[in-house]
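Chemist: sequence isn't available, so here's the structure alone:
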């Protein structure tokens with residue numbers, strides 16, 4: 001059974017976007033406009049719906065056209081932004097997914113759209129051929145793990161779902177077929193506008209209308225999670241403000257410390273919400289662990305009253321910090337790699353060790 005838009009709107013992890021009346025959010029849409037012999041063509045590049053601190057009830061965008069020569073064509077990317085109350089989120093997404101254009105949606109929901117902006121983007125509509133990607137919890141961007149998509153925020157994890165266009169290659173296609181120059185142009189513009197890496201780790205975001213919720217940020221992007229060393233670096237303190245997680249009564253905080261890709265410390269603390277909107281727990285550590293810690297990983301799960309299973313609320317990883325042990329192993333691996341490459345080179349007159357694969361896999 002495939003995920004549908006209604007499933008995303010019912011997902012409790014995305015409740016900040018759909019079930020908190022009176023709150024605001026921002027919709028950012030990047031639209032590529034390509035001048036061809038047949039006229040001006042609009043293409044959806046990327047979009048994101050995320051919590052915000054205020055609502056203006058209307059669209060805004062840069063006022064000037066900035067077309068550039070891209071191969072045989074001229075193209076530009078416009079970032080349109082809508083600041084609106086969360087009460088309209090579901091209806092807006094429903095109309096976008098049905099293929100209504102910005103002019104039609106604005107009239108239907110009584111959104112402000114200036115005459116000049118209507119001329120530029122009023123006819124833009126989202127693809128009616130799409131699938132929905134269910135919500136996933138993405139690691140903060142500064143985490144030492146770099147596999148798969150990550151949150152756009154350096155220190156805050158994010159719940160991410162998406163309405164995804166099916167034919168993403170169409171975005172880079174011109175009369176010449178898949179157009180490398182058009183792809184380079186769009187990557188360059190999107191990297192500059194978003195701070196993401198659309199040439200590599202964020203390439204899958206092309207063609208996505210992403211729904212984002214940051215459980216450890218308030219609506220002004222202030223940090224709600226604090227992880228710090230204490231007691232002469234013999235303890236780790238985890239403190240979380242529950243502003244974005246009001247429905248849980250109990251939390252399980254899982255703390256791990258890594259050294260050279262190995263887990264040297266793992267502990268789970270159970271914390272009741274209590275009368276305040278802040279939970280705090282302290283993990284006592286063996287002596288010297290701070291000196292050899294490459295990274296710290298925090299996972300927090302919340303439990304609702306009457307529930308049997310806890311729900312993942314947020315995660316956090318520090319960036320990789322080289323300890324002495326890690327640095328020593330890195331130099332050892334480099335030395336062995338060099339030795340084996342020299343030994344296997346016929347020009348040196350040396351023979352390769354017979355068991356080099358086994359030795360290389362054993363020594364760390």
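Modeler: Yep, that arrived. The structure presented is a predicted model; accordingly, all values stated were derived computationally and were not measured. Residues are numbered from 1 along each chain as shown.

Chemist: and residue 48, how close does it get to residue 149?
Modeler: Applying CB to CB, to the nearest Å, one obtains 13 Å for the distance of residue 48 from residue 149. Where C-beta positions appear, they are placed from N, C-alpha and C, glycine not excepted.

Chemist: would you map the helices across this structure?
Modeler: Counting by DSSP state H, the chain forms helices over residues 5-10, 15-18, 89-97, 102-109, 115-121, 180-194, 289-292, 324-343, 356-362, given from the N-terminal end onward.

Chemist: what sits against the most centrally placed residue in the chain?
Modeler: The centroid of the chain falls nearest to residue 151 when counting by CA atoms, centre = their mean (2.4 Å). Under the criterion of CB atoms under 8 Å, 6 or more residues apart in numbering, the contact list for residue 151 reads 138-141, 157-158, 160, 212, 214.

Chemist: do that again at 7 Å, thanks
Modeler: Shown in contact with residue 151 (CB atoms under 7 Å, 6 or more residues apart in numbering): 138-141, 157-158.

Chemist: cool, and residue 314?
Modeler: Neighbouring residues of residue 314 by CB under 7 Å, 6+ apart: 157, 215-216, 225, 300.

Chemist: in the sheet, who's paired with it?
Modeler: residue 300 (DSSP bridges).

Chemist: can I get the contacts of residue 314 in JSON lines with neighbour count?
Modeler: Conversion of the contacts of residue 314 to JSON lines gives the following (neighbours: other CB atoms under 10 Å):
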{"residue": "157", "neighbour count": "29"}
{"residue": "215", "neighbour count": "24"}
{"residue": "216", "neighbour count": "27"}
{"residue": "225", "neighbour count": "20"}
{"residue": "300", "neighbour count": "28"}
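
Chemist: narrow those residues to those in strands?
Modeler: The members of the contacts of residue 314 that map onto strands under DSSP state E are 225, 300.

Chemist: which one of the contacts of residue 314 is nearest to residue 246?
Modeler: residue 215 (11.0 Å; CB to CB).

Chemist: tell me who's in contact with that closest one.
Modeler: The neighbours of residue 215, taking CB under 7 Å, 6+ apart as the test, are 159, 244-245, 313-314.

Chemist: for residue 160, see how far away residue 176 is.
Modeler: Between residue 176 and residue 160 the computed distance is 34 Å (CB to CB).

Chemist: of the two, which one has the most company?
Modeler: The neighbour comparison of residue 176 against residue 160 (other CB atoms under 10 Å) goes to residue 160, with 26 against 12.

Chemist: can you pull up the bridge partners for that one?
Modeler: Legend: beta-bridge partners of residue 160 under DSSP bridges are residue 136, residue 212.

Chemist: distance of it relative to residue 21?
Modeler: When residue 160 is compared with residue 21 (using CB to CB), they lie 23 Å apart.

Chemist: and for residue 259?
Modeler: On the measure of CB to CB, residue 259 and residue 21 end up 47 Å apart.

Chemist: the more surrounded of these two?
Modeler: In this view residue 259 and residue 21 are compared by other CB under 10 Å, and residue 259 has more residues nearby, 18 against 8.

Chemist: please report how far that one lies from residue 281.
Modeler: Using CB to CB, one obtains 22 Å as the distance from residue 259 to residue 281.

Chemist: now swap in residue 113 and tell me
Modeler: Distance of residue 113 to residue 281, computed by CB to CB: 49 Å.

Chemist: how is this structure carved up into domains?
Modeler: 5-213, 225-317, 329-362 (automatic domain parsing).

Chemist: a markdown table for the ones you listed, including mean pLDDT?
Modeler: Below are the domains of the chain laid out as a markdown table (pLDDT from 0 to 100):
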| stretch | mean pLDDT |
| --- | --- |
| domain 5-213 | 91 |
| domain 225-317 | 92 |
| domain 329-362 | 42 |
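
Chemist: look up the closest residue to residue 183, ignoring the ones flanking it.
Modeler: Among residues not flanking residue 183 along the chain, residue 172 sits closest, at 4.4 Å (CB to CB, 6 or more residues apart in numbering).

Chemist: in terms of contact, does that neighbour touch residue 178 like I think?
Modeler: Yes. The pair residue 172 and residue 178 passes the contact test of CB atoms under 7 Å, sitting 5.6 Å apart.

Chemist: those two: which has the busier surroundings?
Modeler: Neighbour comparison, residue 172 and residue 178: the larger count goes to residue 172, with 20 against 12 (by other CB under 10 Å).

Chemist: contact partners for residue 225?
Modeler: 216, 240, 314, 316.

Chemist: okay, among those residues, which ones form the most distant pair?
Modeler: Comparing all pairs in these by CB to CB, the longest separation belongs to 240 and 316, at 9.8 Å.

Chemist: between these two, which one's more packed in?
Modeler: Set side by side, residue 240 and residue 316 show unequal neighbour counts under other CB under 10 Å, the larger going to residue 240 at 27 against 22.

Chemist: how near is that one to residue 178?
Modeler: In this structure, residue 240 and residue 178 are 46 Å apart, going by CB to CB.

Chemist: again with residue 34
Modeler: Applying CB to CB, one obtains 14 Å for the distance of residue 34 from residue 178.

Chemist: follow-up on the earlier one: show me what contacts the residue nearest to residue 183?
Modeler: Residues counted as contacts of residue 172 (CB under 7 Å, 6+ apart) are 178-179, 182-183.

Chemist: alright, I will stop here.
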